[in-house]
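S.K.: Following is a predicted model, sequence given first.
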Amino acid sequence: MQGLNLPAGALESWRYAPKSERMDIEQDGVPVERDDKQIILPGEGLPGLLYILPHDQRPLFPGQALPLVLGATQWLPTLEAMRERGHDVIGLLGMPGSVEDGIDTNRLYTMGTACRIHRVHRDGEVLHLLLEGLQRFRVRQWSRTEPPLLASVQYFPDRTDKPAAEQTAYAVAIINIIKELIPLNPLYGEELKIFLGRSSPNRPAVLADFAASMTTASREVLQDVLETVELDKRLQKVVELLHKELKIAAAQQEIREHVEKEIQSHQREQVLRQQLKYIQKELGLAKDDKTAQLEQFRERAATLQFAPAARKRFDEEMEKLAMLDPSAAEWNVTRNYLDWLTSLPWGVTTRDATDLATAAKVLARHHEGLDDVRDRILEFLALGVSRGNAAGSIICLVGPPGVGKTSLGRAIAEALNRQFFRFSVGGMRDEAEIKGHRRTYIGALPGKLLQALKDCGTQNPVIMLDEIDKIGASYQGDPAAALLEVLDPEQNSTFRDHYLDVDFDLSKVLFVCTANQLDTIPAPLLDRMEVIHLSGYLDSEKLAIARKHLWPRQVLKSGRKRTDIRLDAAALREVVEHYAREAGVRQLEKHLARIVRKANVSLVNGSNAPIVVHKADIARYLGPRLFENERLERGVGIVTGLAWTAMGGATLPVEATLVHRNGAGLKLTGQLGNVMQESANIAYSYVRSAARQLGLDPAWFDDATIHLHVPAGATPKDGPSAGITMATALVSLASGRQAPARLAMTGELTLSGQVYPVGGIREKLLAAKRQGIKRVILPAANERDVVEVPAAVKAGIDIHYARDYRDVQRLVFIP
């Protein structure tokens, strides 16, 4: 390459371009010589018309050098046009945004830097330029607004006479700030050496531009400095920029020192630990991690009573771990396996309590009422005491939400003096949750059962499987099928978890399952359980539960004493009867908590303690009554039935009326389900076909259109238990006789007149007692269910049984 031979001192503003690189254009590696070898010093002979290159980076100041990369297709014509004019000076104008967004002269800044091109190298479609900043210029008028851009410009050369005292002071301030920056960032020192090698602080203009280019300020801020022609203002702005730069550098230095200090502290601690470990090892006071792990597992195993297969597996895994290097991937897999194997309670059991009287007291303390359920549990516990092991059977507590199934499981564990663990299987879809993952998978773990045993620390805890009726299934397996082995006393003594892969004895575990219904539990799984039904609480039981347990607990949660907030007996009965009729006590507790919260607000606002809540205050605390007593309607064609609901049962009036005699027909309303509609049609068909046997005129139905309605119409209803009630309403309508007062009935009716049994007898009798019903007609097959109903519910109710509908008719219409 051929360069330009310039005398010494002519290129004092060239910062980065050595003499050998100061040349014109290279085309495909071949230098093109300049026609004009005339030397032009910086700032002399600058053209009035200047070709413009747009620039979207930080602005270039006079006295600085800049390598620039351009697209050859777009900007080579500009360079060729400049060369044709016989000079090598071009204008560099900044712009907001990006050059890629398009070139618009209206978007370009008006102030830029005239630059001399020292080198142009074309590499395919890319041009590499080396520019030297000469002077500031301002665009006066655009001669061409499309590339190659050409503009008439005005130059602003910096004065070279002796600077004023104020300018010299600013220059000294700039030098001092740069000296403060050098210890914080060594790059500033290199920049300063280059500057002082070719200039001096006696030229404030050059110093100001140099200092501004050193900072990390944004291009908008630097453009403002470039456009400041007046030297005093420019120096002031540069001093402000350097002060900001000093603060930023100081903050970065502080952060860097803090990080280095932390790293050095950790490194020092690590070195000391390694030295201490080595010293202890040399003195025989410590062992390496591998030896310590092996001894820990041996110490654990010495306290356990492994099964023979488990002992053999333990020995094999210990031998493997002893041969492995701790850095090997298999090390952690084997170590985790041994950790789980030695954390399980092999042969560790607790001694069961054998005092049934104490167990009865524990159950009574946890639960009010449910005497039949407690008796069943005590029978189960007595069987365990007699044979020395309370396990072997699987208890399934079935009942509506809020009746105390989970707390009853805790009470069983307390009564037996066993550990208790509960986990919900509701929504569980992966078989591995029960039987674990195989060790070949990353992050494999045993199933929930072995995790429960590890947490309990004994081999005979009480494990509750909650919401077993809501267990799911997916492509990952069927957890219900996995539970078949767990809940089978004949199989769970050799339960094999996929992760552990050795037999573990679960036969000593007492499993207690809970469910809201039995329909969704798979039949093989249900067959392995001993089902105990929790139908719900009587009003008297709810009152006792609220008085002894719920109310004191809510007052305690509020941070008050029991004497600060009181609820009288009438108010509590009002809440139970008209705000919380569900089978359980969950809603009752919520209402009591609401009363406590409102009373507590009154105390906080300055009311005097104690606050006594009376019956008249309940509406103010809880709003209008949620439940009113059902009206017992009487009349021809009106009969009261009994229905099961999640609220504990309700009376269900059935109304029948004659619409017209323009044709035989039956119309049904009351939002009846499919089964209930079938029951209505069966009742109509039976009554019409057996009209003569029932003492009715068969011709009465020939042209009668009958409307059968079951209030309330907004509540969906379904089930077969209203069959005899509907038939009795039709008989009453056809015969013109009323059903006796305070009489209710329930039962399924067939076309032959047979009365089939129904469910929910306890809840239905409870509803009858609440409404003051004196006589109840039930299917004869339900007599066995009545035996299990508490005497407090049956008291005051005359119960009759019917095998076919003629028994029902005789009990209703024959005195």
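M.R.: Looks like it came in fine. Residues are numbered from 1 along each chain as shown.
S.K.: Can you tell me which helices and strands the longest helix anywhere in the chain packs against?
M.R.: The longest helix of the chain (DSSP state H) is helix 231-283. Using 3 or more C-beta pairs under 8 Å, 6 or more residues apart in numbering; DSSP states H and E as the contact criterion, the secondary-structure elements in contact with helix 231-283 are helix 165-184, helix 204-214, helix 219-227. Using the backbone N, CA and C atoms, a C-beta is placed for each residue, glycine as well.
S.K.: So what touches the first one?
M.R.: The list of residues contacting helix 165-184 from outside it, by C-beta atoms under 8 Å, 6 or more residues apart in numbering, reads 163, 188-189, 192, 201-202, 204, 207-208, 211, 214, 231-232, 235-236, 238-239, 242-243, 245-246, 249-250, 252-253.
S.K.: likewise the last one?
M.R.: Among residues not part of helix 219-227, those counted as contacts by C-beta under 8 Å, 6+ apart are 57-59, 61, 94, 96, 109, 111-113, 136, 208-209, 212-213, 215, 234, 237-238, 241.
S.K.: Any quick PyMOL command for the buried ones out of the residues you listed?
M.R.: The command below creates a PyMOL selection of those among the contacts of helix 219-227 that count as buried (16 or more other C-beta atoms under 10 Å):
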select buried, resi 58+59+61+94+109+111+112+113+136+208+209+212+213+215+234+237+238+241
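S.K.: sec struct for residue 373, please.
M.R.: helix (DSSP: H, G, I helix; E, B strand; the rest coil).
S.K.: how much space between it and residue 586?
M.R.: 17 Å (C-beta to C-beta, to the nearest Å).
S.K.: Equivalent analysis for residue 607, please.
M.R.: Counting by C-beta to C-beta, the gap between residue 607 and residue 586 amounts to 29 Å.
S.K.: And these two? Which one has more around it.
M.R.: Neighbours of residue 607 and residue 586, each counted by other C-beta atoms under 10 Å, are more numerous for residue 586; the result is 15 against 12.
S.K.: Would you verify that residue 430 is located in a helix?
M.R.: No - under three-state DSSP, residue 430 sits outside any helix and is assigned coil.
S.K.: Quick check: what element follows the longest helix of the chain along the chain?
M.R.: Next helix or strand after helix 231-283 toward the C-terminus (DSSP states H and E): helix 289-302.
S.K.: Pull out the buried residues from that following helix.
M.R.: By 16+ other C-beta under 10 Å, the buried positions in helix 289-302 come out as 293-294, 297, 300-301.
S.K.: Does anything pack onto the helix or strand following that helix? Which helices or strands?
M.R.: Scanning forward in sequence from helix 289-302 by DSSP H and E, the next helix or strand is helix 308-323. Packed against helix 308-323, as judged by 3+ C-beta pairs under 8 Å, 6+ apart, are the following elements: helix 289-302, helix 329-343, strand 503-504.
S.K.: what does helix 308-323 contact?
M.R.: Outside of helix 308-323, the residues that reach it under the criterion C-beta under 8 Å, 6+ apart are 290, 293-294, 297-298, 301, 306, 330-331, 334-335, 337-338, 341-342, 346, 501-504.
S.K.: Just the CA trace of that helix, in CSV.
M.R.: Taking Å, rounded to 0.1, in the frame of the first residue of the first chain, the C-alpha atoms of helix 308-323 are listed here in CSV:
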residue,chain,number,x,y,z
PRO,A,308,-33.6,-60.8,55.1
ALA,A,309,-34.0,-59.4,51.5
ALA,A,310,-33.6,-55.8,52.7
ARG,A,311,-30.4,-56.7,54.6
LYS,A,312,-29.0,-58.4,51.5
ARG,A,313,-29.8,-55.3,49.4
PHE,A,314,-28.3,-53.0,52.0
ASP,A,315,-25.0,-55.0,52.0
GLU,A,316,-24.9,-54.9,48.2
GLU,A,317,-25.5,-51.2,48.0
MET,A,318,-22.9,-50.5,50.7
GLU,A,319,-20.3,-52.5,48.7
LYS,A,320,-21.1,-50.5,45.6
LEU,A,321,-20.9,-47.2,47.4
ALA,A,322,-17.5,-48.1,48.9
MET,A,323,-16.1,-48.7,45.4
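S.K.: Noted, bye for now.
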